[in-house]
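In: below are the sequence and a predicted model; questions follow.
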Amino acid sequence: MPLPYVVAIVDLNQLKSINALHGHTGGDTHIRRCAHALKAALPAETLLCRWSCGARC
């Protein structure tokens, strides 16, 4: 029997202002911290990915 799956999109709303205030290195640190928090809260077999549409969105 196939396992159920879920697709979730998480929007980091303040990323643009974090980049403006702390530079892209600060924004990257914020993304990594969010990813680590999500990974810690989800089952081990969970696949996390980053999708970005950049400044065009």
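Out: Sure, I can see it. Just so you know, these numbers come straight off a predicted model, no measurement behind them.

In: just the helices in the protein please.
Out: Remark: helices of the chain, listed N- to C-terminal, are 15-41; assignment by DSSP state H.

In: pLDDT weak spots in it?
Out: 53-57 (pLDDT under 70).

In: again, 80 this time
Out: When residues are selected by pLDDT under 80, those of the chain lie in 1-3, 52-57.

In: what is the neighbour count of S52?
Out: Neighbouring residues of S52 were enumerated by other C-beta atoms under 10 Å; the total is 10. Using the backbone N, CA and C atoms, a C-beta is placed for each residue, glycine as well.

In: and it, how far is that from I18?
Out: Here the distance between S52 and I18 works out to 14 Å (C-beta to C-beta, to the nearest Å).

In: how close does the nearest residue to T46 once chain neighbours are set aside sit to N19?
Out: What sits nearest to T46 in space, not counting adjacent residues and going by C-beta to C-beta, 6 or more residues apart in numbering, is K39, at 7.2 Å. From K39 over to N19 the distance is 22 Å, taken as C-beta to C-beta.

In: okay, those two: which has more neighbours?
Out: Legend: neighbour count by other C-beta under 10 Å for K39 and N19, higher for N19 (15 against 12).

In: let me see the contact set for the nearest residue to that one once chain neighbours are set aside.
Out: Leaving aside its sequence neighbours, N19 sits nearest to G27 (C-beta to C-beta, 6+ apart; 4.0 Å). Taking C-beta atoms under 8 Å, 6 or more residues apart in numbering as the criterion, G27 is in contact with L15, I18, N19.
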